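In: Sequence below, structure please.
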Amino acid sequence: MVSVNIILVMRKGMLLLPILIIACAPVSEKEIKIMKKRISEFEGRVAKLEERQEETGEKLEIINERVDKIAQEVGEIKRRIYLKTEKGEELIEEETSKSLEEIEENPEEEYREALNPYKMKRLNEARDAFVNFIKKYPKTNLTDNAYFWLGTIYYELGNEERALQILKTLIGKCKEGRLPDCNKLPDTYYMLVKIYAEEGNESEAERYLNRLKEEFPDTPLIEKAEKVLYKNE
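Out: Residues are numbered from 1 along each chain as shown. I've put the predicted structure just below:
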């Protein structure tokens, strides 16, 4: 911006020129013309400076208006970003909640899905399903069932050794209190009696038959186990 002080100084200069002219006598007409011309030039320059000052002021005004407008636009953008962020966070939370609900663990359903292929004698499929179930649900009311059926499947697949390991693992977990429910324990004892009897290991078969009688004296599996063990007597 053109300084206002410069314009004032120039104006003072123009006012002083006539005084100087009068004071400096004698002065020729030619000199007076020259001085008047210079005054006229000064006046023109001052007018131009004033014009430039006005233009600069107008430009500054426009710039200030633009700055204000930009500031408003920035504020609006920030507000929208904030709102979108909040909505986005709410949406993420909502979607996460939905996802968690959708993938909520359902051991009962997964247990049935593992048991179904066994009922249809798709033994390998059932075996893998029960292995995965036990890994995923190591301590549920259905985990003992999963161990029992897994041992039974290995037996039916002809892997008696692995079947014995699985069934004995179930007994150990039940005795140590590591499973919340052991309703399949009587069936497990029966399966051990059956496997050992078929292998000709009568002492082990009798040992598990006695445990069945001691721990579950009212179970009908006792009679069934005795028939398996003493069928040739």
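In: what's residue 143 in contact with, if anything?
Out: Neighbour list for residue 143: 133, 134, 137, 179, 180, 181 [criterion: CB atoms under 8 Å, 6 or more residues apart in numbering]. Bear in mind the C-beta positions are built from the backbone N, C-alpha and C, glycine included.
In: what about it, distance to residue 180?
Out: Residue 143 is 8 Å from residue 180, where distance means CB to CB, to the nearest Å.
In: what's the answer for residue 200, then?
Out: Distance from residue 200 to residue 180, by CB to CB: 36 Å.
In: Between those two, point out the one with more neighbours.
Out: Using other CB atoms under 10 Å as the criterion, residue 200 and residue 180 rank with residue 180 on top: 11 against 8.
In: so the nearest residue to the more buried one once chain neighbours are set aside, which of the three states?
Out: Nearest residue to residue 180, sequence neighbours excluded (CB to CB, 6 or more residues apart in numbering): residue 141, at 5.7 Å. Classification of residue 141 using DSSP: H, G, I helix; E, B strand; the rest coil returns coil.
In: and residue 141, how many neighbours?
Out: 15.
In: Check the spacing between it and residue 182 real quick.
Out: Going from residue 141 to residue 182 by CB to CB gives 10 Å.
In: likewise residue 35?
Out: The gap separating residue 35 from residue 182 is 124 Å, by CB to CB.
In: So for those two, which residue has more residues nearby?
Out: residue 182 (21 against 16).
In: which ones are touching the more buried one?
Out: With the criterion set at CB under 8 Å, 6+ apart, residue 182 makes contact with 144, 170, 174.
In: Quick one: those as TSV, columns for distance to residue 223 and pLDDT too.
Out: Output for the contacts of residue 182, formatted as TSV (distance: CB to CB, whole Å; pLDDT from 0 to 100):
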residue	distance to residue 223	pLDDT
144	23	98
170	22	98
174	23	97
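In: most neighbours, which of those?
Out: For these, the largest number of neighbours (other CB under 10 Å) sits with residue 170, at 25 neighbours.
In: Phi, psi for residue 141 please.
Out: With angles defined as degrees, to the nearest 10, residue 141 sits at phi -70, psi -10.
In: what's the pLDDT at it?
Out: Residue 141 is assigned a predicted lDDT (pLDDT) of 97.
In: What separation do you get for it and residue 117?
Out: Using CB to CB, residue 141 is found at 21 Å from residue 117.
In: got it, and residue 54?
Out: 92 Å.
In: Between those two, point out the one with more neighbours.
Out: Neighbour count, other CB under 10 Å: between residue 54 and residue 117, residue 117 has more, with 18 against 11.
In: who's in contact with the more buried one?
Out: So residue 117 contacts 123, 125, 126, 129 (CB under 8 Å, 6+ apart).
In: Quick one: low-confidence residue ranges for the chain.
Out: Low-confidence segments of the chain (pLDDT under 70): 1-27, 42, 46, 53, 55-60, 63-64, 66-67, 78-104, 232-233.
In: per-domain residue ranges of it.
Out: Domain assignment for the chain by automatic domain parsing gives 4-101, 107-229.
In: Sounds good, over and out.
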